[in-house]
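**Student:** okay, here's the prediction I keep looking at, along with the sequence it came from:
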There are 2 protein chains.
Amino acid sequence: MRYYTFLLGLFLAVGATNAQNTGEGVPASTNVSNAIYPRLLPDNRVVFQVNAPGADNVQVDLGKKYDLVKNEAGVWKVITDPQVPGFHYYSLIIDGVVVADPASESFYGMGRMASGIEIPEEGLDIYETKDVPHGDIRNRTYFSKTTGTWRRLNIYVPPGYDKSEKSRYPVLYIQHGGGEDERGWVVQGKTDIILDNLIAGGKAKPMLVVISNGNVSRQGMRAGGYNDETMAVFREELFDNIIPFIESNYRVKTGAANRAIAGLSMGGGQAFYTGLRNTGMFANVGVFSTGLFGGIARQPGTEFDPETVIPGILTNPESFNNKLKVFYISVGEQDPRIEPTRKLVQRFRDKGLNVEFASFPGGHEWQVWRKSLNDFAQKLFK
Amino acid sequence: MRYYTFLLGLFLAVGATNAQNTGEGVPASTNVSNAIYPRLLPDNRVVFQVNAPGADNVQVDLGKKYDLVKNEAGVWKVITDPQVPGFHYYSLIIDGVVVADPASESFYGMGRMASGIEIPEEGLDIYETKDVPHGDIRNRTYFSKTTGTWRRLNIYVPPGYDKSEKSRYPVLYIQHGGGEDERGWVVQGKTDIILDNLIAGGKAKPMLVVISNGNVSRQGMRAGGYNDETMAVFREELFDNIIPFIESNYRVKTGAANRAIAGLSMGGGQAFYTGLRNTGMFANVGVFSTGLFGGIARQPGTEFDPETVIPGILTNPESFNNKLKVFYISVGEQDPRIEPTRKLVQRFRDKGLNVEFASFPGGHEWQVWRKSLNDFAQKLFK
């Protein structure tokens, strides 16, 4: 009988929209179906409303927790502080149970399907779908000899690829953060829209972007995170499975100059390790918001020592300057990682290592990573 | 600081897996990360466990509702009845609030992101990823003149498409059900795996499958459902936007014989209306589990009259027999729609209309639709 529920769901949702013009702001673009809450106010405060007559306590966790207040009808409501523009993961907490909000789309982050809310950034159009040639995202199955399983990856293929049957393209391999997977750069990151816009504006070279799952582990091994074992298995997955698969199935250019590796947070650590340790494979490395530089990878509190991770990076910077066309580091200006990151960049520069540094408003969040991709992609393959 | 949460999440999840070998069954394939519950027992009962010390009442809704029981640690648990094999949407109900289970993947169904659980069907391998040539799923952006917005659709492209640069392929246009969208046939339906296996076995012709969003509405109009207005706007979206987009961007064969339209539930109604009213466009029509025949589209209780919906279908069946290469109707054997569907098929056959009918074990669920696609696709484009 679920079918009736389906249609009923649609009727109700839309009925509600038509009937109820609350006047307070507009539904978020991340709302499902025709859900009328959450709603965005002009000053970026968000109105959350949850129908929960049987609950004793309802909160919204947006990094900061907000208590909702119940009315006589059992409808709980809160208006948050103004939110920073961009994409935010959030959760509802119903009597202490942390769950996704049924009114919003869910996104794989925090190691589960978490709610997300998009706060528009005025004047920013880098991830706005425009009337330009569009590439596509291709979801592919490949077999990993490393994990012994079939895995999925996503590939951004630029506009014109199917029609220009002779041209070959450079490739950016990009990694998600901890608790995310190969969906992150597609759904939260909007990689295809960002690249479509850059390519249409002549700001980036047409390229493929390979978006794979960085949580790689052999049986019984912990996936993801920073240590030599996880980095070794990540490298093996990329070098022995993913790159050969891409280079045998797509019209791509080979050679280090035509390959870039980048990532955010945990993926930034993977890009740092794998890229800088293999400059013969990648001449372009982008490291976004990694916790690595704060020493998270090592015993808590110990100083991060790049030389032990990347032999020669401080003692022989010229060899890296000669091999790397782009070495790029970025971080959010409200991210606690900014201080250790600035310190490291300064230390690299003092030693004579060429490194580009950029910071963007925002914390440890997707808006910074979307802008980092938009910035980094413009420097590649020139 | 979310980053720490991310990694912590991974550590905990995996730590738990390693530490806790509960002995009761195995985690469902639909669990996220390394979540150890829900677990499947050998007889297809499911063990659900939720940590909710602050909740007064926790239920699981799998169509039938189950009350979880709380232990002294605040962990709630239940073992369900044996479940029918296949994919089931389900919800947690925390003190009356219906939410997705953070331990499972979420899927867009029921008009929101709902939990899903996969119960393996012994001996059934039609949607098992195998060592055969694999096609891919391409997510594309197109502009709809009908809705005045950019929309996304998914396209299954068969193996070899990129390498055989001269061949052209027939196309199946397939629709999801009410409360679902263009993700349904990709994620829940596993269209790409089913087609890969059929094509590898020589059981189906290589074809493209276009998986679009059937919730189409002009401003202020209700999306989806059955009535002449929604069917007209669905037809316009398909004929004026989607089909021209596909036929100008992919190497496909044109002409009715090379086009099929099918759908499930609400989408089955769309395929019935749009396919049978436009046999000059589609010579192949598949109708899976539609509620249409139960008269849902009309005033409740009134008998469904195919002749008023499809003029000539009963009075001039020969004209349909001449134009349709495949007219296929299927339904689940435990679906309440089976009786009205059987009746209508009999009525069609009594009038001399050629219609193929198939039923599969199961209710109004994806397992029936996966099998319907697997069956229908083998009849096409021969």
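**Tutor:** Structure's in. What do you need? Numbering: from 1, shown residues only, chains lettered A, B, ... in the order given.
**Student:** any stretches of the stretch 251-382 of chain A with poor pLDDT?
**Tutor:** A:295-302 (pLDDT under 70).
**Student:** my read: residue A:250 touches residue A:156, true?
**Tutor:** No: using C-beta atoms under 8 Å, residue A:250 is not in contact with residue A:156; the gap is 11.1 Å. C-betas here are computed from N, CA, C, even on glycine.
**Student:** who has more neighbours, the two?
**Tutor:** residue A:156 (26 against 18; other C-beta atoms under 10 Å in any protein chain shown).
**Student:** would you say the more buried one is within a helix?
**Tutor:** No: counting by DSSP: H, G, I helix; E, B strand; the rest coil, residue A:156 is not found in a helix; it is strand.
**Student:** now do the shared contacts for residue A:250 and residue A:156.
**Tutor:** residue A:208 (C-beta atoms under 8 Å, 6 or more residues apart in numbering or on different chains).
**Student:** just the helices from the stretch 201-350 of chain A, written as ranges.
**Tutor:** Ranges of helices in the stretch 201-350 of chain A, per DSSP state H, counting those that start in this stretch, are A:228-236, A:243-249, A:266-276, A:306-309, A:317-323, A:338-350.
**Student:** just the stretch 51-200 of chain A next, same as before
**Tutor:** Going by DSSP H, counting those that start in this stretch, the stretch 51-200 of chain A shows helices at A:184-187, A:191-200.
**Student:** buried set for the longest one?
**Tutor:** Within helix A:191-200, the residues that count as buried by 16 or more other C-beta atoms under 10 Å in any protein chain shown are A:191-199.
**Student:** need the helices of the stretch 201-350 of chain A in CSV (columns: distance to chain B).
**Tutor:** Shown next, in CSV, are those (distance: least, C-beta to the nearest C-beta, whole Å):
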stretch, distance to chain B
helix A:228-236, 10
helix A:243-249, 7
helix A:266-276, 7
helix A:306-309, 18
helix A:317-323, 26
helix A:338-350, 13
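**Student:** quick one, which of those helices is packed in tightest?
**Tutor:** helix A:266-276 (a mean of 27; mean count of other C-beta atoms under 10 Å in any protein chain shown).
**Student:** which elements pack onto it?
**Tutor:** strand A:171-175, helix A:228-236, strand A:259-264, strand A:284-288, helix B:2-19 (3 or more C-beta pairs under 8 Å, 6 or more residues apart in numbering or on different chains; DSSP states H and E).
**Student:** just how off-centre is that helix within its chain?
**Tutor:** Relative to its chain's centre, helix A:266-276 lies at 15 Å (C-alpha atoms, centre = their mean, to the nearest Å).
**Student:** what's the angle from that helix to helix A:338-350?
**Tutor:** If you take axes from the mean of the first three to the mean of the last three C-alpha atoms, to 10 degrees, helix A:266-276 sits at 10 degrees to helix A:338-350.
**Student:** contact partners of helix A:266-276?
**Tutor:** Contacts of helix A:266-276 (C-beta under 8 Å, 6+ apart): A:174-178, A:214, A:224-226, A:231, A:234-235, A:238, A:261-263, A:282, A:284-292, A:297, A:309-310, A:313, A:320, A:327, B:3, B:6-7.
**Student:** let's see that with 7 Å instead.
**Tutor:** Residues from elsewhere that reach helix A:266-276 (C-beta atoms under 7 Å, 6 or more residues apart in numbering or on different chains): A:175-178, A:214, A:224-226, A:231, A:234-235, A:238, A:261-263, A:282, A:285-290, A:292, A:297, A:309-310, A:313.
**Student:** and the angle from that helix to strand A:259-264?
**Tutor:** Counting by the same axes, to 10 degrees, helix A:266-276 lies at 150 degrees to strand A:259-264.
**Student:** where does the prediction get shaky in the stretch 1-150 of chain A?
**Tutor:** If you take pLDDT under 70 as the line, the stretch 1-150 of chain A has these spans: A:1-23.
**Student:** what ranges does it have for its strands?
**Tutor:** Taking DSSP state E, counting those that start in this stretch as the criterion, the stretch 1-150 of chain A carries its strands at A:26-27, A:39-40, A:46-51, A:58-62, A:64-67, A:69-70, A:75-79, A:86-94, A:97-99, A:106-109, A:112-119, A:136-144, A:149-157.
**Student:** on that earlier part again, can I have the buried ones of the contacts of helix A:266-276 as a PyMOL selection?
**Tutor:** One line in PyMOL is enough to select the buried members of the contacts of helix A:266-276, burial here meaning 16+ other C-beta under 10 Å:
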select buried, chain A and resi 175+176+177+178+214+224+225+226+231+234+235+238+261+262+263+282+285+286+287+288+289+290+292+297+309+310+313
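**Student:** ok, the residue lying closest to residue A:348 once chain neighbours are set aside - contacts?
**Tutor:** Among residues not flanking residue A:348 along the chain, residue A:355 sits closest, at 4.8 Å (C-beta to C-beta, 6 or more residues apart in numbering or on different chains). For residue A:355, the contacting residues are A:327, A:329, A:345, A:348-349, by C-beta under 7 Å, 6+ apart.
**Student:** could the strands of the stretch 1-150 of chain A go into CSV alongside distance to chain B?
**Tutor:** Below are the strands of the stretch 1-150 of chain A laid out as CSV (distance: least, C-beta to the nearest C-beta, whole Å):
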stretch, distance to chain B
strand A:26-27, 14
strand A:39-40, 17
strand A:46-51, 7
strand A:58-62, 8
strand A:64-67, 11
strand A:69-70, 12
strand A:75-79, 9
strand A:86-94, 5
strand A:97-99, 4
strand A:106-109, 4
strand A:112-119, 4
strand A:136-144, 4
strand A:149-157, 4
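**Student:** output the ones you listed in CSV, with distance to residue A:184 appended to each entry.
**Tutor:** Putting the strands of the stretch 1-150 of chain A into CSV (distance: least, C-beta to C-beta, whole Å) gives the following:
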stretch, distance to residue A:184
strand A:26-27, 24
strand A:39-40, 23
strand A:46-51, 22
strand A:58-62, 19
strand A:64-67, 23
strand A:69-70, 34
strand A:75-79, 28
strand A:86-94, 10
strand A:97-99, 20
strand A:106-109, 7
strand A:112-119, 11
strand A:136-144, 12
strand A:149-157, 10
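**Student:** how far does stretch A:357-369 sit from its chain's centre?
**Tutor:** 11 Å.
**Student:** what's next to it, contact-wise?
**Tutor:** Everything outside stretch A:357-369 that qualifies as a contact, by C-beta under 7 Å, 6+ apart, is A:84-88, A:121, A:188-189, A:264-265, A:288-289, A:329-335, A:338, A:345, A:371-372, A:375, B:2-3.
**Student:** what residues of that stretch count as buried?
**Tutor:** A:357, A:359-360, A:362-369.
**Student:** what does stretch A:78-98 give?
**Tutor:** Buried, per 16+ other C-beta under 10 Å, within stretch A:78-98: A:78-80, A:83-98.
**Student:** same check on stretch A:35-50?
**Tutor:** For stretch A:35-50, by 16+ other C-beta under 10 Å, it's A:35-40, A:44-50.
**Student:** in JSON lines, list these along with distance to residue A:165.
**Tutor:** Output for the buried residues of stretch A:35-50, formatted as JSON lines (distance: C-beta to C-beta, whole Å):
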{"residue": "A:35", "distance to residue A:165": "44"}
{"residue": "A:36", "distance to residue A:165": "48"}
{"residue": "A:37", "distance to residue A:165": "49"}
{"residue": "A:38", "distance to residue A:165": "46"}
{"residue": "A:39", "distance to residue A:165": "48"}
{"residue": "A:40", "distance to residue A:165": "45"}
{"residue": "A:44", "distance to residue A:165": "47"}
{"residue": "A:45", "distance to residue A:165": "52"}
{"residue": "A:46", "distance to residue A:165": "48"}
{"residue": "A:47", "distance to residue A:165": "52"}
{"residue": "A:48", "distance to residue A:165": "51"}
{"residue": "A:49", "distance to residue A:165": "53"}
{"residue": "A:50", "distance to residue A:165": "53"}
